[in-house]
Every structure is written in C-alpha cells, then in structure tokens.
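Chemist: Could you look at this predicted model? Sequence included:
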Amino acid sequence: MPTALLTGITGQDGSYLAELLIKKGYRVIGVARRSSTVNYERIHHLLDDITVVQGDLQDQGSLLAMLEEYKPSEVYNLAAQSFVPTSWNQPALTGDITALGVTRMLEAIRFVNPKIRFYQASSSEMFGKVMEVPQSEETPFYPRSPYGVAKVYGHWITVNYRESFDIFAVSGILFNHESPRRGLEFVTRKISDGVARIKTGKAKELRLGNLEAQRDWGFAGDYVEAMWLMLQQDKPDDYVVGTGETHSVKEFCEIAFSHVGLDYKEFVVMDEKFYRPAEVDLLISNPAKTRKQLKWEPQVSFKELVTMMVDADVARHQKS
Ligand code: NAP
Ligand code: GDD
C-alpha cells in the first residue's frame, strides 16, 4: 500500500484528493496545523480512513519528523495562505507559508528521502497581468498580489530542486477550481451562498467587487485527478490545468440567481470594499499539454459547477 502525505488536508483540495487516494488504495497522512478548535468540516467523513498529524509549513522540524515517521512515497503540498486579498494585509505571513513553506518541505525531502515524489500546488494567479492569451506552461509570469509573488517563488524553487538535486518535483499550475466545499470568502462560494441566503429569506442583497473579472473556473473534484496523474509520469514536469474557457463574475451571478428564479440585477450591490489594489482581469488556460500527456479532461461544465454549488447551499440553508 503506497503512502501519500498531504499538507492542506483541511482545505478544499485536500479533502477531494484524500478521497481520490483512498479509492486508489493509498494510506493517506493528512497534515493539519494546531488550532484551538478543530476545523475538520471537510474531512469528517474521512477520519476513519486517514491519519491526521499535527504539523506546520512554518516549522521545519515538524516536516522532517513526519517524513521520518510515515515514510511517504508521494508528498502533495497543498497548504498555503491561499486567499488573495489577505495577502495584501499579511504579506510577510503569506510569503513565509506560501513561498518559504515550499522550501521547507523540499529541504525535508532532500534530507529524509530524495526519492519521494513531490507535487507543488502552483497557481494561475502567477500569470497575473497576463503576457499571453491563453496561458500555457511557456507563458511568462507577472504576478499581481503578494500571494501571486509567493506562488512564483514556490514554483521556481520546485523547478530548482528538481534541477539541482534530481528530486521528482512537479509544479501543477492550476486555474481556479471550485466546489460546494470552497471557502466562503472566494467569489464563487460567496455568490452561491448569497443566492441561497436570499432565496431562503435570510438576506436581501449580495455585496460584491469587480463583476468584470474573468476566470477559467473548473470543478475541484476533477482537478485532484490531474495532481495524482502528474506524480505517476516517467519524468517530472510542469503542467497547466484548466478548462480552456473563461467566464466573468457577472456571468456566474446570472446563472446562479436565475437557477433559483431570481434576477441578479435586483440583488447584487457593487461595493468598492471588495476591489483589489491590483486586479487580475483575465485568466484562461491553454491546457493542451495536460490533455495530451496526462490524458486529463474536466468532466463538469461551467453551468453544472454553478448549479451544483447553488443547490448545495440552498439545501444547507433550508436545513438550518
Ligand atoms: P484552502 O481551502 O484555502 O486550503 C488551504 C490549506 O492550507 C488549509 O488546509 C489550511 O489549513 C492549510 N494551511 C494554511 N497555512 C498552513 C500552515 N502554515 N501549515 C500547514 N497548513 C497550512 O485552499 P485550496 O483551495 O484547497 O487550495 C489548495 C492549494 O492549491 C493552495 O496551495 C492554493 O494556493 C492552491 N491553488 C488553489 C486554487 C483554487 O482555485 N482552489 C488554484 C490554484 C492553486 P487551515 O484549515 O488550518 O487554515
Ligand atoms: N473574493 C472575492 N469577493 N472576489 C471578488 C468579489 C468578492 O466579493 N467580487 C469580485 N471578485 C473578483 C475578484 O476581484 C477576482 O478577480 C475574482 O472575483 C476571483 O476572486 P477569488 O474567488 O477570490 O479568487 P482568485 O482568482 O483571486 O484566487 C483563487 O484562484 C487562484 C487561481 O487563479 C484562489 O483560490 C487562489 O488561491 C488561487 O491560486
């Protein structure tokens, strides 16, 4: 039975990847940082099938100790300070976790067992003020937030450890992926939750920022399969993962509200508080390499994703 160690197990992607790896017969070790109240909401249903260990990307010793103890053959580094607006309020913390945290994990691998295969959760946010449309593995980076800058560091240190120490280290450059398990502050979940609150009479409006921003949105459950595939290849490489389609925040609102018989124009209020100091206006992937080499295709369409999220939040609000 192969062992996989996942940082970020309590996050959206951690929960879907753990489900996938359990199905594939892995022993799954999930790393969670200590907090005064446990936040296992997304992995409650998995607790009998995984081992949760305490550790933190800010603490080198904890990473060394867990690799020594559990001897994984694959490490998926999903942990990060991942919310872009927070990265302007806490830029140094974001750099310490999202950038230097990658080096700490790579150092732990180098010292404990350089044969461990390593996946780094890189991001389309690295393309920022895009230098090319659509964006591929060859597109130069131009990050627009401290988060994006930190992810560029994480990407290049992964490439550097591959080239310097011959570690099987891959960087998955994933475009936005969402689900009913998405954090409530990200725009898609904020909209699906807002629609459900309005529909169930708990709220009268939904306050949002830039409705013109465009993203290449897919379903997180599909994207974790691509992560796994990257570590099963003969050689380590970098891959762009996305749908190849782009949609605006406004389009997301239109579909989400109309799915429950409402018109978004009557409820969405634009609020400058949610505008960013520097915006990423347009992201759209060119996933040709991933489709060809990994034979990976997204299964859930944009409309199915929006309606899945709205249905889940409406059901949740109807119960509570
Ligand atoms: P998420 O839901 O925000 O989860 C982030 C995870 O990181 C949580 O489990 C969090 O733990 C953990 N974490 C944060 N700081 C940590 C630290 N110092 N030590 C250990 N764990 C820590 O993010 P996600 O959407 O699942 O994304 C997974 C990864 O993919 C992230 O690296 C993200 O930046 C990247 N990414 C995401 C997308 C996307 O669209 N979702 C696209 C591209 C790349 P707590 O629960 O304790 O906070
Ligand atoms: N969060 C949020 N809240 N975003 C809003 C709002 C709002 O009220 N109104 C408009 N937006 C716009 C943002 O300005 C941005 O252009 C877009 O919606 C998407 O914002 P988020 O959902 O917060 O995601 P993100 O694209 O900034 O970052 C996500 O995707 C990255 C991959 O491209 C995160 O998951 C990152 O961790 C990930 O790397």
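Modeler: Cool, got the structure. Numbers count the residues shown, from 1 in each chain. Ligands and ions are numbered 1, 2, ... in the order given.

Chemist: Near ligand 2, which residues of the stretch 151-300 of the chain? Just list them.
Modeler: 175-176, 185-188, 190, 208-210, 213, 215, 249, 274, 276, 279-280, 283 (CB under 6 Å from any ligand atom). Yep, even glycine has a C-beta here, placed from its N, CA and C like the rest.

Chemist: now, which of the residues you listed lie within helices?
Modeler: 187, 188, 190, 249 (DSSP state H).

Chemist: so what's the third one up against?
Modeler: It stands for residue 190. 184, 206, 208 (CB atoms under 8 Å, 6 or more residues apart in numbering).

Chemist: Against ligand 1, how distant is the last one?
Modeler: By that I understand residue 208. 18 Å (CB to the nearest ligand atom, to the nearest Å).

Chemist: Hmm, residue 267 and that residue touching each other?
Modeler: No: in this structure residue 208 lies outside contact range of residue 267 using CB atoms under 8 Å: 10.1 Å.

Chemist: Can you pick out the residue with more neighbours from the two?
Modeler: Counted by other CB atoms under 10 Å, residue 208 and residue 267 do not tie: residue 208 has more neighbours, with 22 against 19.

Chemist: Leaving out sequence neighbours, find the closest residue to residue 56.
Modeler: Of all residues not flanking residue 56 in the chain, residue 33 sits nearest, at 4.5 Å (CB to CB, 6 or more residues apart in numbering).

Chemist: Okay, and residue 19 sits in which element?
Modeler: Taking DSSP states H and E as the criterion, residue 19 maps to helix 12-23.

Chemist: and what of residue 312?
Modeler: Going by DSSP H and E, residue 312 is part of helix 302-319.

Chemist: Report whether that helix contacts ligand 2.
Modeler: No: Helix 302-319 is not in contact with ligand 2 by CB under 6 Å from any ligand atom; minimum separation 12.1 Å.

Chemist: Could you list the buried residues of that helix?
Modeler: 302, 305, 306, 307, 308, 309, 310, 312, 313, 314, 317 (16 or more other CB atoms under 10 Å).

Chemist: So for the helix holding residue 19, mean pLDDT?
Modeler: The pLDDT scores in helix 12-23 average 98.

Chemist: What helices and strands are in contact with that helix?
Modeler: strand 3-7, strand 27-32, helix 220-231 (3 or more CB pairs under 8 Å, 6 or more residues apart in numbering; DSSP states H and E).

Chemist: Okay, whichever residue of the stretch 51-200 of the chain sits closest to ligand 2 and residue 216: tell me how far apart.
Modeler: Closest to ligand 2 within the stretch 51-200 of the chain is residue 123: 3.1 Å, counting by CB to the nearest ligand atom. As judged by CB to CB, to the nearest Å, residue 123 and residue 216 stand 12 Å apart.

Chemist: Can you give me every residue that contacts the nearest residue to residue 149 once chain neighbours are set aside?
Modeler: Spatial nearest neighbour of residue 149, excluding adjacent residues (CB to CB, 6+ apart): residue 143 at 4.7 Å. Neighbouring residues of residue 143 by CB under 8 Å, 6+ apart: 125, 126, 127, 128, 149, 151, 152.

Chemist: can you tell me which two in the residues you listed are farthest apart?
Modeler: Pairwise distances across the contacts of residue 143 (CB to CB) peak at 12.5 Å, for the pair 127 and 149.

Chemist: Settle it for me: which of those two has more neighbours?
Modeler: Remark: of residue 127 and residue 149, residue 127 carries more neighbours, 29 against 21, as counted by other CB under 10 Å.

Chemist: residues in the stretch 51-200 of the chain within reach of ligand 1, list them.
Modeler: Residues of the stretch 51-200 of the chain lying near ligand 1 (CB under 6 Å from any ligand atom): 56-58, 78-82, 97, 121, 123, 174, 176-177, 183.
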